[in-house]
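1. Sequence plus the predicted model coming up.
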Amino acid sequence: MEMDQDMEQQMEQKNIQDAELEPGPRQEAANRFKVHRITVSRLWGIAKQQMSDGQPVIMRGRASGYKKKTGKVHFDDEKFKQLSFLERFCYRKLACKMSVSKTTVGRWTKSHLIRPHTNAIKPALTEANKISRMRWCLTHIQPALDEGKFLYHAMHNTVHIDEKWFYMTKASDRYYLLPDEDEPYRSCKSKRFITKVMFMCAVSRPQFDTDGQTIFWL
């Protein structure tokens with residue numbers, strides 16, 4: 001009995017291998033699984049090849065597909081502290097050092113795990129500079145007391161002067177011209193020593209009387 005069953009299975013398998021998928025069932029399978037009928041023919045050929053090799057028919061997609069990461073990227077504050085300030089000056093550099101994407105760094109900023117900071121360079125003051133500044137501040141303290149507190153000079157009669165230097169031109173500049181317009185010709189004796197112009201500005205706070213009228217303005 002077992003030999004008869006094996007013979008029947010082999011004959012059935014041989015009949016399947018020798019069979020050809022008709023256009024009607026091929027289109028019905030394509031409509032059922034929502035694929036093209038050429039795809040059904042290709043899968044039928046793969047199944048026949050597997051059966052001819054004596055292997056079980058297994059259909060696996062070649063594309064692995066995209067698997068979305070459900071968990072959030074952990075923020076390692078200890079690793080962040082070990083980075084120097086030069087390695088934190090932009091998203092791209094920080095993302096490279098933290099082994100994450102720039103989008104993740106942006107989410108850290110929005111979540112207030114890290115904060116942006118604009119750092120301005122400070123003057124390097126010596127001890128003599130600090131003493132000089134302190135003396136200048138002390139000279140503007142009024143000797144009179146108001147409710148036990150020192151008053152600072154209002155500086156209404158003080159003129160503040162500032163200056164700003166500008167170059168007359170630049171070594172290289174960009175202009176937008178018409179197609180038939182002549183290019184401007186600029187020249188100077190030396191590109192390294194371009195003439196500079198200084199603008200000076202003087203500002204003083206106005207003095208008011210008891211009625212709020214301006215007495216003088218410098």
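-> Looks like it arrived, so ask away.
2. Stretch 150-169 - what's its average pLDDT?
-> For stretch 150-169, mean pLDDT is 82.
3. Between the two ends of that stretch, how far is it?
-> Length of stretch 150-169, first residue to last, Cα to Cα, to the nearest Å: 50 Å.
4. what do you get for stretch 134-142?
-> Its first and final residues considered, stretch 134-142 spans 15 Å by Cα to Cα.
5. Check stretch 117-130 too.
-> By Cα to Cα, the extent of stretch 117-130 from end to end equals 27 Å.
6. residues in contact with that stretch?
-> Defining contact as Cβ atoms under 8 Å, 6 or more residues apart in numbering, one finds that stretch 117-130 is touched by residue 133. Heads up, the C-betas are built off the backbone N, CA and C, glycines and all.
7. What average pLDDT does that stretch get?
-> 87.
8. centre of the chain versus that stretch, how much separation?
-> Counting by Cα atoms, centre = their mean, to the nearest Å, stretch 117-130 is centred 30 Å from the centre of its parent chain.
9. Just the buried positions in it, please.
-> Residues of stretch 117-130 include none that count as buried (16 or more other Cβ atoms under 10 Å).
10. Tell me who's in contact with the residue minimising distance to the centre of the chain.
-> Nearest residue to the geometric centre of the chain (Cα atoms, centre = their mean): residue 91, 4.7 Å. The contact partners of residue 91, by Cβ under 8 Å, 6+ apart, come to 102, 105-106.
11. Done for today, thanks.
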